[in-house]
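Student: can you look at this prediction? I've put the sequence above it.
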Amino acid sequence: MKKRIYLLSFTALWLLILIVSVVDGYFLLINRPLMLQTELNPVGRFLLVLDGGNIRYLLVAKFCGTIAAASALLVLYWTRTRIAFAVAAGVALFQLRLLCFLLFGI
């Protein structure tokens, strides 16, 4: 029973992380003309400048980062369930903060 609760909770956190990442990519896509002026992340700004103001490099970097993080969380869950749950909870909290920033500017 306890293992099932960990599985359901971890899955919910994992999906939340992925959903917020997709929303972040969508916001990047719809706001692409403004990104060079509004991107706050220095790595993101570098990728935008490197691509001449286009969002391709930044979108690919976000996609690859999301896949890597989601995969690492799954591997961690399969090997160290409790640690994976704690890590997923921490990442999900950061993602929720990002979502609040994207939706409400706070």
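Tutor: Right, received. Where do you want to start?
Student: if I pick the closest residue in space to L50 that isn't next to it in sequence, what's in contact with it?
Tutor: In space, and not counting its chain neighbours, L50 is closest to Y57: 5.9 Å by C-beta to C-beta, 6 or more residues apart in numbering. All C-beta atoms are positioned from the backbone trio N, CA, C, and that covers glycine. Shown in contact with Y57 (C-beta atoms under 8 Å, 6 or more residues apart in numbering): 47-48, 50-51.
Student: if I look at Y57, how far off is R97?
Tutor: Y57 sits 25 Å away from R97, going by C-beta to C-beta, to the nearest Å.
Student: sitting in strands, which of the contacts of Y57 do you find?
Tutor: Among the contacts of Y57, no residue falls in strands (DSSP state E).
Student: now for these: which two are most distant?
Tutor: For the contacts of Y57, the maximum inter-member distance is 7.2 Å, found between L48 and L50 (C-beta to C-beta).
Student: these two: who's more crowded?
Tutor: The residue with more neighbours, out of L48 and L50 and counting by other C-beta atoms under 10 Å, is L48; that gives 22 against 12.
Student: give me the nearest residue to that one, chain neighbours excluded.
Tutor: L36 (5.2 Å).
Student: appreciated, that's everything.
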